[in-house]
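Q: Based on what follows, work out the 3D shape:
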Amino acid sequence: MVKHRHQGLEWWCLPGGGVEEGETPAQAVVRELREECNVEGTVVHQSSVVTYYPDGVQAYTYLVDIDDQEPRLGRDPEFEEHEQVLVDVRWLALSELPERDRAFVWSGGLLGIETFLDEVATWGGWISYPGKPDQEEQ
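A: Coordinates of the predicted model:
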């Protein structure tokens, strides 16, 4: 996961970004992984494509193999060095992410990867929505 800090807000998300002219979404994910996490990857398979309306922008998610490389914080080339929005990179369990950030991970298509779906299936029925009264597990 890559931690962003921008305009007073912080959030964790998957490495990613836009597709540049002349590249495929799969090529873009490998480039973005190199830029943001300093690792080389090989696409295993596409796990999702989501179309956001009304503008029709498509977001692709891929399962990428990085072998035994250890991610290190890279940079977002769209920002100057003194304006960098990337502030941390690390492996995180889903249980370590704030629920807000988990929602964006889900929308990124990780439920299409069997191991994530298996983990989510073990969570039970507890509701932890902010402002919701505590409830016993259902």
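Q: Buried residues of the longest helix belonging to the chain, list them for me.
A: In the chain, taking DSSP state H as the definition, the longest helix is helix 25-37. Within helix 25-37, the residues scored as buried using 16 or more other CB atoms under 10 Å are 25-26, 28-33, 35-37. Using the backbone N, CA and C atoms, a C-beta is placed for each residue, glycine as well.
Q: from those residues, which is closest to residue 117?
A: residue 29 (20.4 Å; CB to CB).
Q: Assign the residue nearest to that closest one when sequence neighbours are not counted to helix, strand or coil.
A: What sits nearest to residue 29 in space, not counting adjacent residues and going by CB to CB, 6 or more residues apart in numbering, is residue 62, at 4.8 Å. Secondary structure assignment for residue 62 (DSSP: H, G, I helix; E, B strand; the rest coil): strand.
Q: Assumed residue 11 was part of a helix.
A: No. Counting by three-state DSSP, residue 11 is not found in a helix; it is strand.
Q: quick one on the thing from earlier: what's near enough to touch the residue nearest to residue 29?
A: 25-26, 29, 43-47 (CB atoms under 8 Å, 6 or more residues apart in numbering).
Q: same thing with residue 38?
A: 71-74.
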